[in-house]
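[1] Have a look at this prediction, sequence included:
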Amino acid sequence: MSAAARQTRLGRFRVTALRDANFALDGGAMFGVVPRVLWEKLTPINEDHTVPLSTTPYLLQDGEHTIVIEPGLGLRWPDKQRSMFHIDHSAGHELLASLRAHGVEPEQVTHCLMTHGHWDHIGAACGEDGAPVFPRAEYWMPRSERDACMNPDHLRRASYRREDLAPIEDAGQLRTFVDQFDILPGVKMVEVGGHSDGVSLVLVEDAGEKACFWADVVPTRHHVHLPFIMAYDMNAAKSFEVRSEWIARAAAEGWTCLLYHDPEQPIGRFVGGDRRYGWQALEVSV
């Protein structure tokens, strides 16, 4: 008997899928122009037409650095939003509890990588007291996403919360980049755009092995199909271009793929070719 794996090794790095929250978003928005008759076969659907999702941060350790990729949705939510988005932190689903379950205290985190500024990705970057949750870490994100989060316009206001980022900048812990940046040897953030102005991929490479954290470029295993683009994406044409290029590379080169919103199978590989791709989960015997 097997189960979906939540941990793997990549050269010198140990990669662990953490648990932050379960939540839900509108199914039509998650699958965009794809007809419901197709996507309803792939995922359970709640009575209010939302589909179950997770927020899955990743812990990257190499013995010298302790890196959190995408902190998560976090705890700072009023009851109305908790109900609307089905936010659930039960069963150990909370960033700091998940880190501690793996022997990591907040003070030990050296880097926190944030691919973009949407609330379901960086809400946990600050704790319930409003202070940065990792007091000694460098927080990294694209400069365009910093600007959108700190001063969102009318179109972006629903997706960004200034209070998720301002305390980090005020504490002098925020670092930004343009285009791409090597955070550490073997760990790179690459700005690709499409879903948001500066949404980025996190690429990890060591000892001839490669992994990619896909953020909202490929949010769940069902979105590996190229036309399955979320209605949330700011620029669908750009998203299709980005997805076509990067999914093809990942499949051809056998990358380990780390998914953020898939509640069941966080780690696996993209398989296939010629613009037709599928998903192969990483499994462990139980």
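    Done, it's in.

[2] Need the contact partners of stretch 124-134.
    Around stretch 124-134, the neighbours that count as contacts under C-beta atoms under 8 Å, 6 or more residues apart in numbering are 20, 55, 57, 68, 71-76, 95-96, 106-107, 109, 112, 114, 139, 163-165, 167-168, 171, 173. Any C-beta I mention is one placed from the backbone N, CA and C, and that applies to glycine too.

[3] Which SSE is immediately downstream of the one helix or strand residue 242 maps to?
    Using DSSP states H and E, residue 242 sits within helix 236-253. In the C-terminal direction, the helix or strand that comes right after helix 236-253 (DSSP H and E) is strand 256-258.

[4] Give me the sheet partners of that following strand and which way each runs.
    In the sheet, strand 256-258 lines up against strand 209-213 (parallel), strand 267-273 (antiparallel) (DSSP bridges).

[5] Contacts made by it with the rest, please.
    Applying C-beta under 8 Å, 6+ apart, the external contacts of strand 256-258 come out as 8, 10, 15, 17, 58, 69, 202, 209-214, 218, 250, 266-270, 282.

[6] pLDDT on that strand, on average?
    Computed over strand 256-258, the mean pLDDT rounds to 99.

[7] any weak-confidence spans in this protein?
    Applying pLDDT under 70 to the chain flags residues 91-92, 286.

[8] where do the helices sit along it?
    For the chain, the helices defined by DSSP state H cover 27-31, 36-39, 79-84, 95-101, 119-122, 143-150, 166-170, 236-253.

[9] so who does residue 204 touch?
    Applying C-beta under 8 Å, 6+ apart, one finds that residue 204 lies in contact with 10, 13, 15, 60, 186, 187, 210, 211, 212, 213.

[10] actually residue 51, not the one I wrote
    Residues in contact with residue 51, defined by C-beta under 8 Å, 6+ apart, are 24, 25, 26, 27, 30, 43, 44, 45.

[11] Please check these and keep the buried ones.
    For those, a neighbour count by 16 or more other C-beta atoms under 10 Å gives the buried set as 24, 25, 27, 30, 43.

[12] coming back round to it: out of the strands paired with strand 256-258, which is the most enclosed?
    Using mean count of other C-beta atoms under 10 Å, the stretch among these with the greatest mean number of neighbours is strand 209-213 (a mean of 22).

[13] Can you tell me how far residue 81 is from residue 120?
    Going from residue 81 to residue 120 by C-beta to C-beta, to the nearest Å gives 11 Å.

[14] Just want to know which of those two has more residues nearby.
    For residue 81 against residue 120, the residue with the higher neighbour count under other C-beta atoms under 10 Å is residue 120, and the figures read 23 against 12.

[15] got the contact list for that one?
    For residue 120, the residues meeting the contact criterion (C-beta under 8 Å, 6+ apart) are 23, 55, 72, 73.

[16] change it to 10 Å
    Taking C-beta atoms under 10 Å, 6 or more residues apart in numbering, we find residue 120 in contact with 20-21, 23, 25, 53, 55, 70, 72-74, 85, 87, 159, 216, 219, 260-261.

[17] sorry, back to before: which strands or helices does the helix holding residue 242 pack on?
    Counting contacts by 3 or more C-beta pairs under 10 Å, 6 or more residues apart in numbering; DSSP states H and E, helix 236-253 packs against strand 200-206, strand 209-213, strand 256-258, strand 267-273, strand 276-281.

[18] Perfect, I'm done here.
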